[in-house]
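Engineer: Generate a structure from the sequence data that follows.
(one chain, ligands or ions: 2)
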Amino acid sequence: MATKPKRPAKQADAKPALQKSTTSKKATKSDEPAGLSRDEDLKAYREMLLIRRFEEKAGQMYGMGLIGGFCHLYIGQEAVVVGLLGAARQGDQIVTGYRDHGHMLACGMDPKGVMAELTGRSGGYSKGKGGSMHMFSVEKCFYGGHGIVAAQVPIGTGLAFSNKYRGNDHVSLTFFGDGAANQGQVYESFNMAELWSLPVIYVIENNQYAMGTSVARASAQTNLSKRGVSFNIPGEQVDGMDVRAVRAAALKAMEWCRAGKGPYILEMMTYRYRGHSMSDPAKYRAKEEVNKMRQEHDPIEQVRHRLLDAGMSEDELKDIDKDIRAIINEAAEFAQQSPEPDPAELWTDVLAKEDHAAVGA
Ligand SMILES: Cc1ncc(C[n+]2csc(CCOP(=O)(O)OP(=O)(O)O)c2C)c(N)n1
Ligand SMILES: [Mg+2]
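Structural biologist: Ligands and ions are numbered 1, 2, ... in the order given. Sure, this is the predicted structure:
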């Protein structure tokens, strides 16, 4: 006789975003994050602020009807991608899901091209044919932008395979969410990656929710850093709201991969401030929960305070914000002025050209 299934945990039972760090067997424990120099902090501050202001503007433009289709904002999670890429080397590849604007900007893609893609214009990275979830830049080693939950995980594993096959020392940074971590293809990828010692860092962006479902309701094992245990893949939980902790963990994981030891899992404990997408009013969680995160753990505020402590003035920081707002306004202007794609574009880029090399040597 079938046993009665356990009642799922209520939303209120959901674990707080920043739990105590636990590590799997092979992993070493992260101590206090190694500090960043003032210049490194300043760089991280600019990069995170660029993402925040970009996303705020995208949200506004969506509200004005200038952006159509799906639009998933990254606000709150900025330290994850900025910390990871702060530790990466030229040539390391990045692949992620649909919450991808921050990753593109952190890779150095032009905010104008990203914004114009959101408005569906010809000046966009996919000539206006892809939208928010479908942008690529081989030049910046950004491989999408994937709308199918977890589809990027085997792709990121394939990128790592190509690195190993070519004998370069690049690492594939494969980002996915807590919800995606329950997908079967993730575990097929884990198996192959460990079996073949592929240089891939699986970055699980645990923002506590998959659409409206909390991790506690959806996952039997809520410590996602342990999901590689049965494949012998080391993993650790990291404070994904602290760019220093992210960078320190990323450096360690990259060293592991570049030394030929195989894959590594980093579970980034983070939080998204907005709903799942622009059409989600986020009624499944209390406003206080969001406010508490913003007030106590905001990734940008943390760096701002450190910069002030290091002697920067409020005015200097305001000037940086002004510069960034100007870049974003220029991108928004470009995205509205750029022409709609020509109908003839319907027939271009449909099939890969024979000489197309997807992965640089
Ligand atoms: C294979 C598949 N199943 C379901 C969906 C619908 N869907 C889109 S996003 C999402 C939640 C994923 O959450 P998570 O992986 O935590 O990423 P987050 O949105 O939090 O960044 C779901 C179920 C989909 N796009 N693809
Ligand atoms: Mg999630």
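Engineer: Distance check, residue 342 against residue 352.
Structural biologist: Computed with CB to CB, to the nearest Å, the distance linking residue 342 and residue 352 is 21 Å. To be clear about C-beta, it is placed using only N, CA and C from the backbone, and glycine gets the same treatment.
Engineer: ok, stretch 103-110 near ligand 1 or not?
Structural biologist: No - legend: contact between stretch 103-110 and ligand 1 by CB under 6 Å from any ligand atom is lacking; minimum distance shown is 11.4 Å.
Engineer: Now stretch 62-69: average pLDDT?
Structural biologist: Stretch 62-69 shows a mean pLDDT of 97.
Engineer: List the buried residues for that stretch?
Structural biologist: 62, 66, 67 (16 or more other CB atoms under 10 Å).
Engineer: now the second one, nearest residue through space, not along the chain?
Structural biologist: Spelled out, it's residue 66. Spatial nearest neighbour of residue 66, excluding adjacent residues (CB to CB, 6 or more residues apart in numbering): residue 119 at 5.5 Å.
Engineer: what does residue 81 give?
Structural biologist: Nearest to residue 81 is residue 106, by CB to CB, 6+ apart, at 4.5 Å.
Engineer: so the one you found makes contact with residue 47?
Structural biologist: Yes - assessed by CB atoms under 8 Å, residue 106 is found in contact with residue 47 at 6.1 Å.
Engineer: Need the overlap of contacts for these two.
Structural biologist: residue 82 (CB atoms under 8 Å, 6 or more residues apart in numbering).
Engineer: thinking again about what came up before, burial count for the residue nearest to residue 81?
Structural biologist: Using other CB atoms under 10 Å, residue 106 has 25 neighbouring residues.
Engineer: show me where the stretch 101-250 of the chain has helices.
Structural biologist: Applying DSSP state H, counting those that start in this stretch to the stretch 101-250 of the chain gives helices spanning 101-106, 111-118, 152-166, 184-195, 215-218, 243-258.
Engineer: Out of those helices, flag the one nearest ligand 2.
Structural biologist: When the helices of the stretch 101-250 of the chain are compared by CB to the ion, helix 215-218 sits nearest ligand 2, at 7.7 Å.
Engineer: ok, and does the closest one reach over to ligand 1?
Structural biologist: No - Helix 215-218 lies out of reach of ligand 1 by CB under 6 Å from any ligand atom, never closer than 8.1 Å.
Engineer: what about dumping the CA coordinates of that helix to CSV?
Structural biologist: Backbone C-alpha positions of helix 215-218 (Å, rounded to 0.1, in the frame of the first residue of the first chain) are rendered in CSV as follows:
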residue,chain,number,x,y,z
VAL,A,215,13.0,25.8,-2.0
ALA,A,216,11.6,24.2,1.2
ARG,A,217,8.4,23.3,-0.7
ALA,A,218,10.2,21.9,-3.8
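Engineer: by contact count, what packs against that helix?
Structural biologist: Applying 3 or more CB pairs under 8 Å, 6 or more residues apart in numbering; DSSP states H and E, we find helix 215-218 packed against no helix or strand.
Engineer: buried ones in that helix?
Structural biologist: Quick answer for helix 215-218 (16+ other CB under 10 Å): 215, 216, 217, 218.
Engineer: Now the residue in the stretch 101-250 of the chain that ligand 2 sits nearest to. Nearest residue, chain neighbours left out?
Structural biologist: With CB to the ion as the measure, residue 177 is the residue of the stretch 101-250 of the chain nearest to ligand 2, at 3.7 Å. The shortest distance from residue 177 to any non-neighbouring residue, by CB to CB, 6+ apart, is to residue 205 (5.5 Å).
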